[in-house]
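In: no sequence for this one, just the structure:
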């Protein structure tokens with residue numbers, strides 16, 4: 001009985017500690033488990049983005065960003081989530097969710113970085129031609145960003161109000177500029193002096209929880 005209880009507790013600890021992309025809406029608007037390439041992901045560099053076998057693997061060039069937008073539909077109010085596996089990095093890199101992407105207007109980027117363990121929300125403005133920072137970067141207590149660690153990102157978008165989550169814990173609430181017809185949603189990875197491969201799994205978009 002003691003051994004059985006110990007095994008159960010160990011399993012429970014893994015479930016609690018491990019990430020799980022947990023969109024909570026009851027209607028799936030889009031889901032991609034990356035079993036094979038989906039043409040809705042638009043154009044991307046095939047030597048930098050590989051889709052298949054249950055993962056999207058993104059390897060940005062050093063000092064560059066690699067965007068991958070899902071252009072099959074536009075999304076306004078939604079619950080968005082994805083699981084990310086962190087590469088072992090020798091210099092700073094980041095990855096996360098793109099949202100509110102409007103051509104010739106701009107987009108938002110909810111990111112975590114390694115090896116620093118920071119997170120934040122950035123916005124690129126096409127009209128101003130510069131980066132804005134709706135949520136300045138900040139340290140996330142207890143966030144494991146060592147090579148091979150898994151991080152779950154979740155984002156709820158409701159009009160001008162957004163809530164971000166990291167590993168099922170609320171990170172920050174913030175304001176967003178509303179899109180007229182909704183925006184594209186996607187994924188991004190960026191590299192510093194050296195690069196690594198960020199692995200995305202279980203990308204999902206649902207309606208907002210009731």
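Out: Okay, I see it. Values in this document were obtained by computation on a predicted structure and should not be read as measured data.

In: who are the contact partners of the residue lying closest to residue 37 once chain neighbours are set aside?
Out: Ranked by CB to CB, 6 or more residues apart in numbering and with sequence neighbours excluded, the top spatial neighbour of residue 37 is residue 51, at 4.5 Å. Every C-beta, even on glycine, is put in place using the N, C-alpha and C of the backbone. Contacts here follow CB atoms under 8 Å, 6 or more residues apart in numbering; on that basis residue 51 touches 34, 36, 37, 38, 41, 57.

In: repeat for residue 187
Out: Residue 187 neighbours (CB under 8 Å, 6+ apart): 56, 58, 67, 68, 82, 95, 96, 97, 98, 200, 203.

In: list just the nearest of those residues to residue 116.
Out: residue 95 (12.9 Å; CB to CB).

In: touching, that closest one and residue 191? I think so.
Out: No - judged on CB atoms under 8 Å, residue 95 makes no contact with residue 191 at a distance of 9.7 Å.

In: these two: which is more packed in?
Out: Comparing residue 95 with residue 191 by other CB atoms under 10 Å, the one with more neighbours is residue 95, at 29 against 24.

In: tell me which element that one falls in.
Out: For residue 95, the enclosing helix or strand under DSSP states H and E is strand 93-102.

In: what do you get for residue 69?
Out: strand 65-75.

In: CSV for the contacts of residue 51, including distance to residue 158?
Out: CSV is the format used below for the contacts of residue 51 (distance: CB to CB, whole Å):
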residue, distance to residue 158
34, 27
36, 32
37, 31
38, 26
41, 25
57, 31
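
In: could you flag which of the residues you listed are buried?
Out: Neighbour counting with 16 or more other CB atoms under 10 Å marks 34, 41, 57 as buried within the contacts of residue 51.

In: ok, those vs residue 107, which is closest?
Out: residue 41 (15.3 Å).

In: one step back: now render the contacts of residue 187 as TSV, adding distance to residue 180 and pLDDT.
Out: Output for the contacts of residue 187, formatted as TSV (distance: CB to CB, whole Å; pLDDT from 0 to 100):
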residue	distance to residue 180	pLDDT
56	28	98
58	29	98
67	21	95
68	23	97
82	25	98
95	28	98
96	24	98
97	21	98
98	18	98
200	28	98
203	24	98
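
In: how about those residues in JSON lines, adding distance to residue 185?
Out: Putting the contacts of residue 187 into JSON lines (distance: CB to CB, whole Å) gives the following:
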{"residue": "56", "distance to residue 185": "14"}
{"residue": "58", "distance to residue 185": "15"}
{"residue": "67", "distance to residue 185": "12"}
{"residue": "68", "distance to residue 185": "10"}
{"residue": "82", "distance to residue 185": "10"}
{"residue": "95", "distance to residue 185": "15"}
{"residue": "96", "distance to residue 185": "12"}
{"residue": "97", "distance to residue 185": "7"}
{"residue": "98", "distance to residue 185": "6"}
{"residue": "200", "distance to residue 185": "13"}
{"residue": "203", "distance to residue 185": "9"}
